[in-house]
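> sequence first, then the predicted structure, then my questions.
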Amino acid sequence: MKYYVIVENGLNEGRVFPLEKRLTIGRAPDNDVEIPDSSVSRRHAVIQILNGSPVFEDLGSSNRSLVNGEKVHKMTLRNGDKLRMGRVSLRLYQGDHFPNPRSMMETQKIEGDCQASAFFKAGPKSQHPSSSGDGFDTERIVATELELDKFREMQRTLFPSQLPTLPDWEIITSLHPASEATGDFYDAFWLPGGYLGLVIADVCDKGMGSAIFMSLIRTLIRVFSGETQFPGFSIPARVHDLGQESEDQGLKDKEQLCALSAISLTNEYIAKEHGHTCMFATVFLGVLNPKTGSLVYINGGHEPLLIVDPTGKVQSLTPTGPAVGVMPCIQFKTGQAQLQPGDILIGYTDGVTEAHAPSGELFTRKRLLSLLQQPAPSASVLLERLESDLFAHIGTAKPSDDITFMAVQRAPIAQG
C-alpha cells in the first residue's frame, strides 16, 4: 500500500507528493513539499514512514500544526487525516494507485476510527465501511468540511492581511487557535486624524458560535470607530458617551477620544439585538497618537494590557468597564497612558495565563510578568521569548483555549 500527500489549497493546490520514506514540509524551497505561504515556517514539519506507518512531526513551527483540527507535536497518521499548517491544508491518502486530487475528496475511503475533522462525528455507515466496521457517510463529511473550509477562509480575511507600518513603531501579532475556528481576535487600523486603532478581544465560549460573534464585533468596532465609512452614511460623533470623567482626567483631544465611542455603541447593539444569546466579549480598544505616544483606551473586561519600559518595569492597563454585550446602558470609563521611546505595549488573551501543562499546572499571570520584567530590545524579540516559554510549558498538553498576543513598541531614542 502506498501513501500520498495532497495539497488542498494555496498556491500548490492539487499537487500530489508520493510518501516513500520521508517528506519535509515548509516554506523554504529546499523542502520536499514547499509551501510558499507566510503562515508556514521555513522548516514546519516532516512525515516519515516508521515501522510501516506514516508518522507526522511538527518541527517547532511558529504557528504549530493541526491534525483533524487538534494541535499535535507528533502522531501516527491514518488514511484521510487532514493536516493544517498555518493557512494551508494537506491530506494523507493511502492507496495502490496515484490519486486524482480533484475526485479524491469525493471517493476516498476513511479507515479505522479517524475523524475527518474535530468538528465531525461518525455518521451512518457508508456503502464502503472501514475495516474496523465503523463507517463514515463520506459524501456528507466532505460536503460539510468544504463548507467549514469556506467559513474558516472567510474568518481569516477578517484579520489584517498587513498590519499598519509607521516610522518609529513596531506592531507584531500572533494567534494560535485551539481549534479551527477562533473567538479571539486582534486588529490594527488607521483612523481619521492620523490616529491608530488597536484592538484585542476574546469572545466567550468556543467553537463556531464564538467565531461568528467575533466577526460581528470586529465589524461593529471598525464601523463605529470611523475606520469604515460608506458614501452617504456616517456615524455621528458621540464623545458624550464617554462621560464627564474623561474631561476630569484631562482628556482634551476630542478627535482621539471619538473613536472610543465604538465600545458603547457595540455594547448597545449586542446587548439589545443579541442579548438572548448570552454572548459577550472582553475587548480592549486603544487609540494611539503615533506622533506623541499618547494612548487613550477603554478596557471592557479584558486581561490588563501591560506597558513594559526598557528596564523591565511594568504598568497595567486594568479594565475600565465590564465585558461588551453583557447588558445595555453601560457607562465605560476611559483610561490614558503614555508610551515613551523604547516602551512596549503587550496585549494577550486569557488563553495565555490559563494555558495548561501536561500536569495541569497553569501558566499564570505571575509567570508572564516575570518574563516581561527581563528587558528585551524589541517587540518581536519579547514576543518570541513569551511564545517559546509558553509552548514549552504546554508541551504535549491539548490547548484548552485560543492564544493571542499583540505587541506594539515605540522605537528607542538612537544613541549618538
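Arrived safely, thanks for sending.

> all contacts plus neighbour counts: C-alpha atoms, from now on.
Noted.

> residue contacts, the spatially closest residue to Leu306 that is not a sequence neighbour?
Take Leu306 and drop its neighbours on the chain: the residue closest to it by C-alpha to C-alpha, 6 or more residues apart in numbering is Ser316, 4.7 Å away. Counting by C-alpha atoms under 8 Å, 6 or more residues apart in numbering, Ser316 touches 304-307.

> among the residues you listed, who's most crowded?
Ile307 (24 neighbours; other C-alpha atoms under 10 Å).

> hang on, the earlier thing: which of the helices or strands spans the residue nearest to Leu306?
strand 314-317 (DSSP states H and E).

> mind listing what's buried along that strand?
For strand 314-317, the neighbour count (16 or more other C-alpha atoms under 10 Å) marks 314, 317 as buried.

> so what are the sheet partners of it and their directions?
strand 305-308 (antiparallel) (DSSP bridges).

> what's the most distant pair in the contacts of Ser316?
Greatest spatial distance among the contacts of Ser316 (C-alpha to C-alpha): Pro304 and Ile307, at 9.8 Å.

> and the strands in the stretch 301-416 of the chain, which stretches?
305-308, 314-317, 335-338, 344-348, 403-410 (DSSP state E, counting those that start in this stretch).

> any chance of the contacts of Ser316 in a markdown table, with pLDDT too?
As requested, those are exported to a markdown table (pLDDT from 0 to 100):
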| residue | pLDDT |
| --- | --- |
| Pro304 | 97 |
| Leu305 | 98 |
| Leu306 | 98 |
| Ile307 | 98 |
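
> using CSV, lay out these together with distance to Asp350.
Shown next, in CSV, are the contacts of Ser316 (distance: C-alpha to C-alpha, whole Å):
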residue, distance to Asp350
Pro304, 10
Leu305, 11
Leu306, 14
Ile307, 17
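
> which one among these gets closest to Ala323?
Pro304 (12.7 Å).

> can you tell me the closest non-neighbouring residue to that closest one?
Thr318 (4.5 Å).

> now Ile394
Using C-alpha to C-alpha, 6+ apart and skipping residues adjacent in sequence, the residue nearest Ile394 is Ala357, 4.4 Å away.

> likewise for Ser62?
Using C-alpha to C-alpha, 6+ apart, the closest residue to Ser62 is Ser41 (6.3 Å).

> could you look up the SS state of that neighbour?
The three-state label given to Ser41 by DSSP: H, G, I helix; E, B strand; the rest coil is coil.

> straight-line length of stretch 46-58, end to end?
Chord length of stretch 46-58, first to last residue, is 7 Å (C-alpha to C-alpha, to the nearest Å).

> ditto for stretch 177-187
End-to-end distance for stretch 177-187: 16 Å, by C-alpha to C-alpha.

> state the mean pLDDT of it.
Averaging pLDDT along stretch 177-187 yields 84.

> for stretch 377-385, same thing?
93.

> buried residues in that stretch?
Here stretch 377-385 shows 378-380, 382-383 as buried, counting by 16+ other C-alpha under 10 Å.

> can I get it in CSV? Just the C-alpha atoms.
What follows is stretch 377-385, C-alpha atoms only, in CSV (Å, rounded to 0.1, in the frame of the first residue of the first chain):
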residue,chain,number,x,y,z
PRO,A,377,15.5,45.0,22.7
SER,A,378,12.3,44.8,20.5
ALA,A,379,8.7,43.8,20.4
SER,A,380,9.5,40.8,18.2
VAL,A,381,12.2,39.5,20.5
LEU,A,382,9.9,39.9,23.5
LEU,A,383,7.1,38.1,21.8
GLU,A,384,9.4,35.3,20.7
ARG,A,385,10.5,34.8,24.3
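
> all set now, cheers.
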